[in-house]
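Undergrad: fold the following.
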Amino acid sequence: MRKTMTLAALARELGLSESAVSKALNDYPDISPATKKLVREKADALGYSPNLLARNLARKTSSFVGLVIRDVSSIYGEMYRSLHLAARQRGLHLILYESNNSLSLEQESVENLLRTKAMGMVIVPASEDVSALRRLTRNRLPVVFLGNRIRRDDVNYVCTDTAAGTEIALRHLIDCGHRKIVLLCDRKSSGSRSRRVATYQTLMNQIGEESRIFTVDSEEPDPAQAGYALTRQLLASGIRFTALCAGKDALAIGAMGALTEAGIRIPDQVSVVGYDGIDAARLPLIRLTTVAQPRREIAEAVIDILCRHAEDLGAPPEHRLIRPELILRNSTGPVPTDPPEPSRSGQ
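TA: Numbers count the residues shown, from 1 in each chain. Sure thing, here's the model as predicted:
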């Protein structure tokens, strides 16, 4: 009977280190294309096939991946299906936990997953400070942080490029002729908000317009309600504007409600663009133009990193910054000839 080819045996055949062979098979960027081709051809010839489930059994771990999301009603909850499909393609299963933006519930979820010997975890964290989660999981299992709250060199993370996405949204509005553009944000301070604001301010400076930024004073649990409230404040302020760029689709949808309530026509008088690509944005009565996070690409990147680090916990952290994409719908159009009058809008 032919013996199962191991990674160590394959490395000996090639005269390379096990780490180099593992990286070549998993498409690490620091391995040359020629070496990757050589390793893969040798692996095929000798019948080497990495078996993640077998490794899990040997390490007394399961085939389950924990998915801890701070809010299942967010875009990350909607990504569940894409993550589920990407995991199933690797023979893995997802266990979903919701932290409800609670640090204690988030930690409890992680501890439960550690007790069940999960193969790895994907976490959409409730806070930008993940030091407690790092202490719990370090050297025990691979973790990938998902979303823009965590962008640090010492952890695995996957997120969309907020700055690029904001520029895509603003360039679309500028190309439509808009100059008086208001930015709506629902978080007073965060890394993603800082990147969004910096991009907005740079572009406004380039076109010679002042920045007009409206932000809720605290974390609003309902982004749609926050968008509605912010837009009411904007209308009451007397500021002239022809377009709104919102940091979330839900913010944009709330803003559209406030504009419609004030008798302002979308997009005839005001254009609105969102960010995320949530399912509700494509509903017939909304049809929101948005900068969407590509779910399938994000999910595949997350599971890819997770599987690589399950094979080698000591591997250097990986970071994937994925470019979002503009989806054009009915909420944006050319700069209006009859924009809303401040006095009328503020009534």
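Undergrad: okay, now the unreliable bits of the stretch 201-347 of the chain?
TA: 218-221, 342-347 (pLDDT under 70).
Undergrad: what comes up buried for stretch 134-153?
TA: 136-137, 141-151 (16 or more other C-beta atoms under 10 Å). To be clear about C-beta, it is placed using only N, CA and C from the backbone, and glycine gets the same treatment.
Undergrad: in strands, which of the residues you listed appear?
TA: If you go by DSSP state E, the buried residues of stretch 134-153 have 143-146 in strands.
Undergrad: quick check: of the buried residues of stretch 134-153, which lies closest to Arg171?
TA: Nearest to Arg171 among those, counting by C-beta to C-beta, is Asn148 at 19.8 Å.
Undergrad: just to revisit the earlier point, most widely separated two among the buried residues of stretch 134-153?
TA: The span of these, defined through C-beta to C-beta, is set by Leu141 and Asn148 at 23.4 Å.
Undergrad: closest one to Ala301 out of the buried residues of stretch 134-153, please.
TA: Proximity of the buried residues of stretch 134-153 to Ala301 was ranked by C-beta to C-beta; the top entry is Val144 with 8.6 Å.
Undergrad: please name the nearest non-neighbouring residue to the closest one.
TA: Nearest non-adjacent residue to Val144, counting by C-beta to C-beta, 6 or more residues apart in numbering: Asn156, 4.5 Å away.
Undergrad: and for Ala198?
TA: Spatial nearest neighbour of Ala198, chain neighbours left out: Ala163 (7.2 Å); criterion: C-beta to C-beta, 6+ apart.
Undergrad: next: Tyr76.
TA: What sits nearest to Tyr76 in space, not counting adjacent residues and going by C-beta to C-beta, 6+ apart, is Val124, at 4.5 Å.
Undergrad: so that neighbour touches Leu146, yeah?
TA: Yes. Judged on C-beta atoms under 8 Å, Val124 makes contact with Leu146 at a distance of 4.9 Å.
Undergrad: what touches both of these two?
TA: Counting by C-beta atoms under 8 Å, 6 or more residues apart in numbering, the common neighbours of Val124 and Leu146 are Tyr76.
Undergrad: contacting residues around the residue lying closest to Val130 once chain neighbours are set aside?
TA: In this structure, Val130 finds its nearest non-sequential neighbour in Ile150, 6.0 Å apart by C-beta to C-beta, 6+ apart. Counting by C-beta under 8 Å, 6+ apart, Ile150 touches 125, 128, 130, 157, 159.
Undergrad: any idea how far Ile150 is from Pro336?
TA: From Ile150 across to Pro336, the span is 40 Å (C-beta to C-beta, to the nearest Å).
Undergrad: pick the one among the buried residues of stretch 134-153 closest to Thr116.
TA: Set against Thr116, the nearest of the buried residues of stretch 134-153 by C-beta to C-beta is Leu141 (10.8 Å).
Undergrad: show the backbone phi and psi for the closest one.
TA: Main-chain torsions, Leu141, degrees, to the nearest 10: phi -170, psi 160.
Undergrad: could you pull out the strands for this protein?
TA: 64-69, 93-98, 120-124, 143-146, 156-160, 181-185, 213-215, 243-246, 271-276, 289-292, 319-322, 325-327.
Undergrad: how about those in TSV, adding distance to Gly15?
TA: Formatted as TSV, those follow (distance: least, C-beta to C-beta, whole Å):
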stretch	distance to Gly15
strand 64-69	35
strand 93-98	38
strand 120-124	31
strand 143-146	33
strand 156-160	30
strand 181-185	55
strand 213-215	58
strand 243-246	56
strand 271-276	49
strand 289-292	46
strand 319-322	31
strand 325-327	44
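Undergrad: compare those strands and give me the one nearest Leu38.
TA: Nearest to Leu38, of all those, is strand 319-322, at 26.0 Å by C-beta to C-beta.
Undergrad: now that closest one - C-alpha only, PDB.
TA: Taking C-alpha atoms only, strand 319-322 is exported to PDB below (Å, rounded to 0.1, in the frame of the first residue of the first chain):
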ATOM      1  CA  HIS A 319      -4.100  41.600   5.600                       C
ATOM      2  CA  ARG A 320      -6.500  41.900   2.800                       C
ATOM      3  CA  LEU A 321      -7.800  45.300   1.700                       C
ATOM      4  CA  ILE A 322     -10.500  44.700  -0.800                       C
END
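Undergrad: and that strand, which strands flank it?
TA: Strand pairing for strand 319-322, determined by DSSP bridges: strand 156-160 (parallel).
Undergrad: measure how the partner strand sits relative to strand 271-276, angle-wise.
TA: If you take axes from the mean of the first three to the mean of the last three C-alpha atoms, to 10 degrees, strand 156-160 sits at 160 degrees to strand 271-276.
Undergrad: so what touches strand 156-160?
TA: If you take C-beta under 8 Å, 6+ apart as the criterion, strand 156-160 is touched by 142-148, 150-151, 293-294, 298, 301-302, 305-306, 309, 317-324.
Undergrad: if anything else comes up later, I'll come back, but that's it for now.
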